[in-house]
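Undergrad: sequence below, structure please.
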Amino acid sequence: MVLYVAIIIFIISPFFPATENPHWFFRIPDFIRLQSIAIQLVLLVLFLIFEDPFTIFSWVLLGALIATIAYQVVKVFPYSQFYPRRKPDFPSDGCVSILAGNVLQDNKEYHLFKAEIKHYDPDLVLAMETDKSWEAGLSEIEATYPYSVKIPLDNYYGMLLYSKTELKNVETHYFVEEGVPSILFDYPLSGNRTVFFACLHPAPPSPTENETSKERDAELMVVGKKIRKLDKPVVVCGDMNDVVWSRTTRLFKKMTAMIDPRIGRGFFPTYHAGYWLMRFPLDHLFHTKDLFVKKMVRTKNFGSDHFAMYYEIHHKNGKKPKTKGNLNGEEKEEVNEKIEEGK
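TA: Numbering: from 1, shown residues only. You can find the predicted model right below:
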């Protein structure tokens, strides 16, 4: 009986996100799809071992479990190393690298994060969950990174951005929630070309923070609508507090015609750094098709509950940007609804 109940739970729960209910309870199964698949496979083996004799109910249960496993595998497979992809090695006429990480406000191992900065030597450093203590702890890197945008906050949503090169058109926004900032800017490449960056860290749906995902979803949609009006290369990065196979993230990518460099490379789970069995890919980077990511690395543990990510982003020689994906009427309505609900 216990085995039956467990199987039924793991047959039904993976479809909770498909209801589009924004409450955290219905969104959690999206986060744990990899763990859920592993549990389903264990349940499948146990069922085959202990179920005797097989009844009509047994065959129905078995078929439903296999179908649910297949449903989840289809969702996550493109982000595995087994998914075929074209090697990202195009002629490049400009490059920018970024190290982006949620450092955990309560983490005091500043030297470990600075060691990662020194190791990767990126053009840009984005540190999230940063307060005044982190601003002081990272102050010595300003000798190498003289240009910065600092929004230190003690609410776990502070942001510190450091650059070797002077940034253009810097904007800070609180798109949806007071106290949850985003940083937008143009990074100069070779010639007169610039890359538009949007650095985000929306709040997650959880029992301890936002009860629903409405605010997070709205921020992605607001930024997406802004990107659709641009005519330049675009990069969006940060701790999105969402998995890349969720409905909201897929809608964001479709509306902006952006690419996820994870596809065919691996899951790169970044949270939780302390528990390898419960890790989810929450920190993302998306880019327009005129760009490509040549190098993508997850850092060592530096005392945070997240790993940081390092990206080496190149501009394809002669390639023009496209920032406006094709949305049907229903999808456009969904985008507007998510913005209104979140605000």
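
Undergrad: who's in contact with the closest residue in space to residue 257 that isn't next to it in sequence?
TA: Taking C-beta to C-beta, 6 or more residues apart in numbering as the measure, residue 257 lies nearest to residue 325, with 3.8 Å between them; neighbours along the chain are not counted. C-beta here means a position set from N, CA and C on the backbone, and glycine is covered the same way. With contacts defined as C-beta atoms under 8 Å, 6 or more residues apart in numbering, the neighbours of residue 325 are 228, 253-258.

Undergrad: at 10 Å instead, please
TA: 224, 227-228, 251-258, 331 (C-beta atoms under 10 Å, 6 or more residues apart in numbering).

Undergrad: low pLDDT regions in the stretch 1-150 of the chain?
TA: For the stretch 1-150 of the chain, applying pLDDT under 70 flags the ranges 86-88.

Undergrad: all helices of it, in order?
TA: For the stretch 1-150 of the chain, the helices defined by DSSP state H, counting those that start in this stretch cover 2-12, 24-31, 33-50, 56-76, 110-120, 132-137.

Undergrad: list the buried residues for the second one?
TA: Think helix 24-31. Taking 16 or more other C-beta atoms under 10 Å as the neighbour-count basis, helix 24-31 is seen to contain the buried residues 24, 26-31.

Undergrad: for the stretch 101-250 of the chain, which segments count as strands?
TA: Taking DSSP state E, counting those that start in this stretch as the criterion, the stretch 101-250 of the chain carries its strands at 124-128, 147-151, 159-163, 168-173, 182-188, 194-200, 234-239.

Undergrad: so of these, which one's packed in deepest?
TA: The densest packing among the strands of the stretch 101-250 of the chain, expressed as mean neighbour count by mean count of other C-beta atoms under 10 Å, is seen in strand 124-128 with a mean of 27.

Undergrad: contacting residues for the residue minimising distance to the centre of the chain?
TA: Centrality entry for the chain: nearest residue to the mean C-alpha point is residue 284, 3.1 Å, by C-alpha atoms, centre = their mean. Residues in contact with residue 284 (C-beta under 10 Å, 6+ apart) are 100, 200, 236-244, 249, 252-253, 260-262, 268, 270, 309.

Undergrad: how close does it get to residue 332?
TA: From residue 284 over to residue 332 the distance is 23 Å, taken as C-beta to C-beta, to the nearest Å.

Undergrad: with residue 10 instead?
TA: As defined by C-beta to C-beta, residue 10 lies at a distance of 35 Å from residue 332.

Undergrad: counting neighbours, go ahead and name the busier of those two.
TA: In this comparison of residue 10 against residue 332, neighbours counted by other C-beta atoms under 10 Å, the higher total goes to residue 10 at 21 against 12.
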